[in-house]
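> Provided below are the primary sequence and the corresponding predicted coordinates.
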Amino acid sequence: MDRLWRMGVVNYAANRADADMVFCSAPKILPMRIPAVVTIHDIMPAKIPELIGRRSAYELTAQFWVAAKLSQKILT
């Protein structure tokens, strides 16, 4: 279900509920066409990639970047 939610069910649910905004507790889920507020909990993968491996750090950093660009507000 998590993957389905990330792949678009969140958009469907938000539209169906006539939501004004969606809160995303992680940068993996970002709705389209609805304002979003996202929480970025930890940027250590971007600062010290050796902690989790370069590939994982790159993927997380990319998710953070996309979340920051598409969100109306960011909580840290």
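Here it is on my side, so go on. The shown structure was predicted, so the numbers you read here are calculated from the model rather than taken from an experiment.
> beyond the helix or strand containing residue 66, next helix or strand please.
Using DSSP states H and E, residue 66 sits within helix 54-70. The helix or strand immediately downstream of helix 54-70 is strand 73-75, counting by DSSP H and E.
> that next one pairs with which strands, and in what direction?
The sheet places strand 73-75 alongside strand 36-39 (parallel), with pairing taken from DSSP bridges.
> tell me which residues in the helix or strand just after the partner strand are buried?
Per DSSP H and E, the first helix or strand lying C-terminal to strand 36-39 is helix 44-47. Under the neighbour-count criterion of 16 or more other CB atoms under 10 Å, helix 44-47 has residue 45 buried. For every residue, glycine as well, the C-beta is placed using N, CA and C.
> packing partners for helix 44-47?
The contact analysis (3 or more CB pairs under 8 Å, 6 or more residues apart in numbering; DSSP states H and E) places helix 44-47 against helix 54-70.
> ok, residues contacting the helix it packs on?
24, 27-28, 30, 36, 38, 40, 43, 45-46, 49, 51-52, 74 (CB atoms under 8 Å, 6 or more residues apart in numbering).
> hang on, the earlier thing: check which residues of the helix holding residue 66 are buried.
Residues of helix 54-70 classed as buried under the neighbour-count rule (16+ other CB under 10 Å) are 57, 60, 63, 64, 67.
> show me the two of those residues that sit farthest apart.
57 and 67 (15.5 Å; CB to CB).
> on that earlier part again, output the helix holding residue 66 as PDB, nothing but the C-alphas.
C-alpha atoms of helix 54-70 as PDB (Å, rounded to 0.1, in the frame of the first residue of the first chain):
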ATOM      1  CA  ARG A  54      26.900   6.900  -1.400                       C
ATOM      2  CA  ARG A  55      24.000   5.500  -3.500                       C
ATOM      3  CA  SER A  56      21.500   5.700  -0.700                       C
ATOM      4  CA  ALA A  57      22.700   9.100   0.300                       C
ATOM      5  CA  TYR A  58      22.300  10.300  -3.300                       C
ATOM      6  CA  GLU A  59      18.800   8.900  -3.500                       C
ATOM      7  CA  LEU A  60      17.800  10.600  -0.300                       C
ATOM      8  CA  THR A  61      19.400  13.900  -1.200                       C
ATOM      9  CA  ALA A  62      17.500  13.800  -4.500                       C
ATOM     10  CA  GLN A  63      14.200  13.200  -2.600                       C
ATOM     11  CA  PHE A  64      15.000  16.100  -0.300                       C
ATOM     12  CA  TRP A  65      15.700  18.400  -3.200                       C
ATOM     13  CA  VAL A  66      12.500  17.500  -5.000                       C
ATOM     14  CA  ALA A  67      10.500  17.900  -1.800                       C
ATOM     15  CA  ALA A  68      12.000  21.300  -1.200                       C
ATOM     16  CA  LYS A  69      11.300  22.500  -4.700                       C
ATOM     17  CA  LEU A  70       7.600  21.200  -4.800                       C
END
